[in-house]
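Enquirer: Kindly generate the corresponding structure for this input.
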Amino acid sequence: MLDGSATDANQNGLPDACDPDTDGDGVIDDLDNCDAVSNPDQTDTDGDGIGDACETPADCEGDANGDGLVDPLDAGFVSARFGCPVGTGDPECDAADVNGQEDGVVDPLDLGYVLARLGTCQ
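Expert: Here you go, the predicted structure:
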């Protein structure tokens, strides 16, 4: 629109109505033109050639605090909840039971699980 109200979701300088719907979903948005190599307007912060808007976060095993990394903060998160019962409605206790053993408690096995995965999902 000439009044400046047109949206530009992928910030390529063109109004969205003028962009092609390359993923064919009927919506012109950041998911179009996911190939960051051929589309320099697509942000690709991790340099993997896929636009950031097109990537979905992977399930990061060992990421107890949910920040997308497995790092010392996760080890601290789990350690601070040793003995915490799982499945009683406390989301932090449930998150700290990372080893998938469904043993009903946050224990040293959960900490070992985190420590074995330090540095992943970065």
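Enquirer: where's the nearest residue to residue 73 once chain neighbours are set aside relative to residue 90, distance?
Expert: Once flanking residues are discounted, residue 73 sits nearest to residue 65: 5.7 Å by CB to CB, 6 or more residues apart in numbering. C-beta: built from backbone N, CA, C; applies to glycine. Using CB to CB, to the nearest Å, residue 65 is found at 14 Å from residue 90.
Enquirer: And the two? Which one has more around it.
Expert: Using other CB atoms under 10 Å as the criterion, residue 65 and residue 90 rank with residue 65 on top: 18 against 13.
Enquirer: ok, now which ones touch the more buried one?
Expert: Applying CB atoms under 8 Å, 6 or more residues apart in numbering to residue 65 gives the contacts 73-74, 77, 95.
Enquirer: quick one, helices of this structure?
Expert: Per DSSP state H, the chain carries helices over the ranges 72-79, 91-96, 108-116.
Enquirer: any chance of those helices in CSV, plus mean neighbour count and mean pLDDT?
Expert: Converted to CSV, the helices of the chain look like this (neighbours: other CB atoms under 10 Å; pLDDT from 0 to 100):
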stretch, mean neighbour count, mean pLDDT
helix 72-79, 19, 94
helix 91-96, 17, 88
helix 108-116, 18, 93
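Enquirer: a markdown table for those, including distance to residue 15?
Expert: Below are those laid out as a markdown table (distance: least, CB to CB, whole Å):
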| stretch | distance to residue 15 |
| --- | --- |
| helix 72-79 | 42 |
| helix 91-96 | 42 |
| helix 108-116 | 47 |
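Enquirer: for those, which one sits closest to residue 61?
Expert: Closest to residue 61 of the helices of the chain is helix 108-116 (CB to CB; 7.8 Å).
Enquirer: ok, residue 119 - how many residues close by?
Expert: 9.
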